[in-house]
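Undergrad: how would this look folded up:
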Amino acid sequence: EAALRCTDGRAIYASGSPFTGVLYEGKAVYPSQCNNRFIFPGLGLGAALGQTGVVSSLMINKASEALVELITDEDLSRGAVFPDLADVRTVSCHLAARVIEQALEEGLELGNEEAVRAAGKGFEALKLYIWSKMWYPAYRPLVFKKDVAKDT
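TA: Numbering: from 1, shown residues only. This next block holds a predicted model:
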């Protein structure tokens, strides 16, 4: 709120921790959360899945630029710096695809030929490939059942 007051409402603000929105001159403004939440999962996924061997400065930049591609007009209208996407998988997939594309553009030799082939089919095909390789934490329930017959 102080940043908005001091800049006559022109401040663009993001914090390492989530904050609730504020009302400034009748308009709701919601600060974005800026930390490892968006960039690193997608950057790491792209580098690991592509088996790039290195993470270049251009790959980091591309991950940042890819995040901007996900910002909507609605996000901008509420003063957000980042997209309001709660699904980190969607964001990570998009960023990972851009990171793999960047690695290929730089001429890096990717160790994962499947990723190279998917990238050759286009951005959407690469994202489908990445989705197919994501891990989903699904666990069977573990329930202890006492053997009543033995205890009687």
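Undergrad: quick one: the strands in this structure?
TA: Taking DSSP state E as the criterion, the chain carries its strands at 14-15, 22-24, 27-29, 32-33.
Undergrad: Pick the most deeply packed of those strands.
TA: Most buried of the strands of the chain by mean neighbour count (mean count of other CB atoms under 10 Å) is strand 32-33; its value is a mean of 18. Where C-beta positions appear, they are placed from N, C-alpha and C, glycine not excepted.
Undergrad: Other residues contacting that strand?
TA: 13, 14, 15, 16, 17, 18, 19, 80, 81, 82 (CB atoms under 8 Å, 6 or more residues apart in numbering).
Undergrad: Would you mind checking which of the residues you listed is nearest to residue 2?
TA: residue 13 (9.7 Å; CB to CB).
Undergrad: Contact partners for that closest one?
TA: Applying CB under 8 Å, 6+ apart, we find residue 13 in contact with 3, 4, 31, 32, 79, 81.
Undergrad: excluding its backbone neighbours, what's nearest the second one?
TA: Nearest residue to residue 4 in three dimensions, chain neighbours excluded: residue 24, at 4.6 Å (CB to CB, 6 or more residues apart in numbering).
Undergrad: tally of neighbours for the closest residue to residue 64 other than its chain neighbours?
TA: Nearest-residue entry for residue 64: residue 39, 6.3 Å, with adjacent residues in sequence omitted and distances by CB to CB, 6+ apart. Other residues within reach of residue 39, judged by other CB atoms under 10 Å, total 20.
Undergrad: hang on, the earlier thing: could you export the strands of the chain as JSON lines, including distance to residue 50 and mean pLDDT?
TA: Output for the strands of the chain, formatted as JSON lines (distance: least, CB to CB, whole Å; pLDDT from 0 to 100):
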{"stretch": "strand 14-15", "distance to residue 50": "28", "mean pLDDT": "75"}
{"stretch": "strand 22-24", "distance to residue 50": "41", "mean pLDDT": "86"}
{"stretch": "strand 27-29", "distance to residue 50": "38", "mean pLDDT": "81"}
{"stretch": "strand 32-33", "distance to residue 50": "27", "mean pLDDT": "71"}
